[in-house]
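# could you work out the structure for the sequence below:
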Amino acid sequence: MHMTSALRATRLSILDRSRVRDGQPHPEALRETVEFGRLAQEWGYHRFWVSEHHSVPGVAGSAPTVLAAAIAGATDRIRVGTGGVMLPNHQPLVVAEQFGTLEALYPGRIDMGLGRSVGFTDGVRRALGRGKDDAEDFDAQLTELLEYFARGRNGVHAWPAEGLRVPAYLLATGSGAQRAARFGLPLVIAAVSGEDAMIEAIGNYRRDFHATEWGSAPYVIVSASVVIADTVEQAHRLLLPEAWSAAYSRTRGEFPALISPDRIDREPMTERQRRIFEDSLRGHIHGPESTVIPALESLVTHTGADEILVHTSTFDRTARLESHRRLAAAVLAGAAAPALA
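Sure, this is the predicted structure:
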């Protein structure tokens, strides 16, 4: 299979949200994430990130720095981090101490991916001691966090973080691209509002990038949903569980565990749920390698991405792992990507 040098030179990484399948205990989903991180290293991926969600039945990943520590302990080469820690939910001092501890234990392998979302519901925000307006102070929170790594703040020191170099990455939501440029941070972005809007945001980020001690040049990580299967139809079917969860959450206010495609076939949907469900099936890169690789090449060409952060959710755990293995084998030069046992 022919592949452009641009895609060959692009780093390939994974974001895993520790999605829970119907009937599965949350602890089992977390253990699967740790094992997934070990396999990602074996297959040659550059980094493996986990996310932060609170009181979500379908997502087990609620404590990303703790989970990252478990993954880092189970691996020895791959970079490990968060995509991301939602800074408005935490005190910057505590976040600095947590990442400083990770870097002290696993030097040179820790990434600090940061986002600005707050809790999904009023109840979760109250439990976290936060409100919707807390995200408005994100610039001040980010400045405080970075100062703890550099020199401390107002006589307060975030040991062992101070003096350690933990790369920070900013997840782009709303004005996130401009903020990343202003702080001189790498940008993590997805086509949430469409590919044209994403490309425009990336262009503005590169144009307005201001070099700081945290970054000397723009660096763009594009997050994309990618599924590889033997046919386009099989890959499309693997996308159904996540699309159904999106439709359910948007209409019932709760993000559920993943259910099987066969069960989805039998589930009644309102007109609104059907519309959300079908919208959620758009924008994914899916199919066999002969379809996925050209689509990834196009994505890299149009965005100039330095790295692709792949995320995949489906009910079939084996099919999801096999998708990532096949992607590594097709894209990563020299990756052994051995088959699953």
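
# test my guess that L128 contacts M86.
No: L128 sits out of contact with M86 when judged by Cβ atoms under 8 Å, with a separation of 9.3 Å. In short, each C-beta sits where N, CA and C put it, glycine included.

# measure the closest residue to Q41 other than its chain neighbours to A180 for me?
Of all residues not flanking Q41 in the chain, I78 sits nearest, at 3.9 Å (Cβ to Cβ, 6 or more residues apart in numbering). For I78, the distance to A180 equals 24 Å [Cβ to Cβ, to the nearest Å].

# next, show the common contact partners of L128 and M86.
V118 (Cβ atoms under 8 Å, 6 or more residues apart in numbering).

# ok, back up a step: so if I had to pick from I78 and A180, which one is more boxed in?
Taking other Cβ atoms under 10 Å, I78 and A180 do not tie; A180 has more neighbours (29 against 22).

# list the buried residues of stretch 186-197.
P186, L187, V188, I189, A190, A191 (16 or more other Cβ atoms under 10 Å).

# send me that stretch as PDB with only the CA atoms.
Output in PDB follows, covering the C-alpha atoms of stretch 186-197 (Å, rounded to 0.1, in the frame of the first residue of the first chain):
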ATOM      1  CA  PRO A 186       0.900  22.600  21.700                       C
ATOM      2  CA  LEU A 187      -2.700  22.500  20.400                       C
ATOM      3  CA  VAL A 188      -5.000  19.400  20.600                       C
ATOM      4  CA  ILE A 189      -8.000  19.900  18.300                       C
ATOM      5  CA  ALA A 190     -10.900  17.900  16.700                       C
ATOM      6  CA  ALA A 191     -13.400  18.800  14.000                       C
ATOM      7  CA  VAL A 192     -16.200  19.300  16.500                       C
ATOM      8  CA  SER A 193     -17.600  22.200  14.500                       C
ATOM      9  CA  GLY A 194     -16.600  20.800  11.100                       C
ATOM     10  CA  GLU A 195     -13.300  20.300   9.300                       C
ATOM     11  CA  ASP A 196     -13.300  23.800   7.700                       C
ATOM     12  CA  ALA A 197     -13.700  25.400  11.200                       C
END
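
# can you list the neighbours in contact with it?
By Cβ under 8 Å, 6+ apart, the list of residues contacting stretch 186-197 reads 83-84, 113, 167-173, 176-177, 180-181, 198, 201-202, 205, 215, 218-224, 283, 302, 309.

# and L105, how many residues sit next to it?
13.

# list the contacts for it?
Counting by Cβ under 8 Å, 6+ apart, L105 makes contact with A69, A72.

# any idea how far it is from F99?
In this structure, L105 and F99 are 11 Å apart, going by Cβ to Cβ.

# neighbouring contacts of stretch 141-157?
87-88, 92-93, 95-96, 100, 114, 158, 161-166, 168, 170, 179, 183, 213-214.

# mind listing the helices for the stretch 151-300 of the chain?
Using DSSP state H, counting those that start in this stretch, the helices found in the stretch 151-300 of the chain span residues 176-183, 195-208, 232-252, 261-266, 271-280, 289-303.

# what residues sit buried inside the longest one?
Across helix 232-252, burial judged by 16+ other Cβ under 10 Å covers 235-250.

# cool, the second one as well?
Taking 16+ other Cβ under 10 Å as the neighbour-count basis, helix 195-208 is seen to contain the buried residues M198, I199, A201, I202, Y205, R206.

# which one of the residues you listed sits closest to Q273?
Nearest to Q273, judged by Cβ to Cβ, of the buried residues of helix 195-208 is M198 at 26.5 Å.

# quick one: low-confidence ranges for this protein?
Scanning the chain for pLDDT under 70 picks out 1-5, 119-120, 131-135, 174, 333-341.

# which residue lies farthest from the center of it?
Distance from the C-alpha centroid of the chain peaks at G155, with 34.2 Å (Cα atoms, centre = their mean).

# relative to E147, how far out is that residue?
Distance, G155 to E147, using Cβ to Cβ: 12 Å.

# ok, which stretches of the stretch 51-200 of the chain are strands?
Using DSSP state E, counting those that start in this stretch, the strands of the stretch 51-200 of the chain run over 79-82, 85-86, 110-115, 168-171, 187-190.

# quick one: closest of those strands to R31.
That would be, of the strands of the stretch 51-200 of the chain and by Cβ to Cβ, strand 79-82, which comes in at 16.0 Å.

# which residues sit against that closest one?
Under the contact criterion Cβ under 8 Å, 6+ apart, strand 79-82 has outside partners 13, 37, 46-52, 64-65, 68, 71-72, 102, 106, 109-114, 169.

# out of those residues, which are inside helices?
Residues of the contacts of strand 79-82 located in helices (DSSP state H): G37, P64, T65, A68, I71, A72, L102.

# can you give me the neighbour number for the nearest residue to S51 once chain neighbours are set aside?
Nearest residue to S51, sequence neighbours excluded (Cβ to Cβ, 6+ apart): R17, at 4.7 Å. Look at R17: counted by other Cβ under 10 Å, it has 23 neighbours.

# from now on call the first residue 45
Got it, the first residue is 45 from now on, which makes the last one we talked about R61.

# can you name the residues that contact R61?
V94, S95, H97, V103, G105, H355, S357.

# could you look up the SS state of the last one?
So that's S357. coil (DSSP: H, G, I helix; E, B strand; the rest coil).
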